[in-house]
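>>> need a structure here:
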Amino acid sequence: MKIPEKYRKRLMGLIPVERIITWQVPRPSKELIQELLGYEGLTPTLADILDSLGIAGAIPGSVLKPVLQGKKIAGPAVTLRYVPERMAPAQSYYAKAKAKLADRDAYAMTEPGDVVVIDGGGRGDISAMGGLSTLMAKKYGLAGNIVDAGVRDIQDIRGLDYPVWSRGITPITGKFRFEALEINGPVVCAGVSVHPGDLVVADDTGVVIIPQDLVKEVSRLAVEALKREERLIHVIEEGSSIEEMKKVLAPEKW
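You can find the predicted model right below:
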């Protein structure tokens with residue numbers, strides 16, 4: 001497989017090139033992303049919209065927890081899939097084997113504002129990301145990482161003020177425990193399917209994955225719902241009459 005010139009000098013060769021499934025990631029406009037980020041209460045509203053469309057795309061914040069409170073991100077997904085190493089860690093150390101982690105090569109496939117989604121099979125006890133990985137992600141200008149595995153070096157993640165959602169916090173390295181199977185292929189993150197280019201939105205409440213082909217429609221419906229909610233808040237705060245509230249709260253409007 002020929003490596004596009006754009007990535008030739010960026011890739012570190014941590015994963016066989018044939019395991020990079022696609023070089024092309026569809027990305028929504030920056031204007032759309034900025035409009036969404038201008039609203040509060042984003043993930044609950046997006047989860048409601050996906051429910052109405054029959055799409056399973058929401059992950060609770062109790063499952064993938066934010067390492068940093070108060071962060072809100074939105075960006076297209078670049079994916080990395082890990083599977084368990086077959087050889088026991090002690091054997092790999094003894095044999096001086098090569099680690100099979102590939103987060104740096106996943107970062108090399110990104111553009112500023114992207115979100116790297118790491119499928120670690122839900123292994124919150126094993127780290128798929130640490131301090132050096134965070135520093136690299138920050139260098140590439142990423143919006144954040146969603147990690148369905150553990151993370152470590154928490155003081156570095158917090159010190160770099162880099163948004164991360166993870167399955168758990170652990171001191172145990174993924175070196176010789178994880179093997180990178182694919183970059184930019186379909187992954188599963190906390191039970192939700194994620195494809196490259198899907199829009200990832202995350203805040204303190206949770207993570208929402210919007211399929212790439214539905215991003216414009218879901219965003220439009222979400223903005224409409226958020227504006228209705230803003231109107232309702234205004235009506236309540238202003239002490240409006242019951243009749244006025246009924247007009248806003250009518251079931252057909254929600």
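>>> could you pull out the strands for the stretch 1-150 of the chain?
58-60, 65-66, 73-84, 115-127, 144-151 (DSSP state E, counting those that start in this stretch).
>>> pick the most buried one from those.
strand 144-151 (a mean of 28; mean count of other Cβ atoms under 10 Å). Every residue, glycine included, has its C-beta placed from N, CA and C.
>>> name the helices or strands packed onto that strand?
Packed against strand 144-151 by the contact rule (3 or more Cβ pairs under 8 Å, 6 or more residues apart in numbering; DSSP states H and E) you find strand 73-84, strand 115-127, strand 164-169, strand 187-189, strand 199-203.
>>> so who does residue 138 touch?
160, 162 (Cβ atoms under 8 Å, 6 or more residues apart in numbering).
>>> distance of it from residue 230?
Remark: distance between residue 138 and residue 230 (Cβ to Cβ, to the nearest Å) = 33 Å.
>>> can you check residue 10 too?
Separation of residue 10 from residue 230 (Cβ to Cβ) stands at 42 Å.
>>> and residue 26, by the same measure?
According to Cβ to Cβ, residue 26 stands 30 Å off from residue 230.
>>> cool, residue 127 as well?
Counting by Cβ to Cβ - residue 127 and residue 230 are separated by 41 Å.
>>> can you check residue 121 too?
For residue 121, the distance to residue 230 - Cβ to Cβ - is 40 Å.
>>> could you say what helices and strands the helix ranked longest in the chain packs with?
Assignment by DSSP state H gives helix 215-237 as the longest helix of the chain. Here helix 215-237 touches helix 30-37, helix 42-52, strand 199-203, helix 242-249, going by 3+ Cβ pairs under 8 Å, 6+ apart.
>>> make it 6 Å
Secondary-structure packing of helix 215-237 (3 or more Cβ pairs under 6 Å, 6 or more residues apart in numbering; DSSP states H and E): helix 42-52, helix 242-249.
>>> can you point out the buried residues in the first one?
Read that as helix 42-52. For helix 42-52, burial by neighbour count (16 or more other Cβ atoms under 10 Å) applies to 42-43, 45-47, 49-50.
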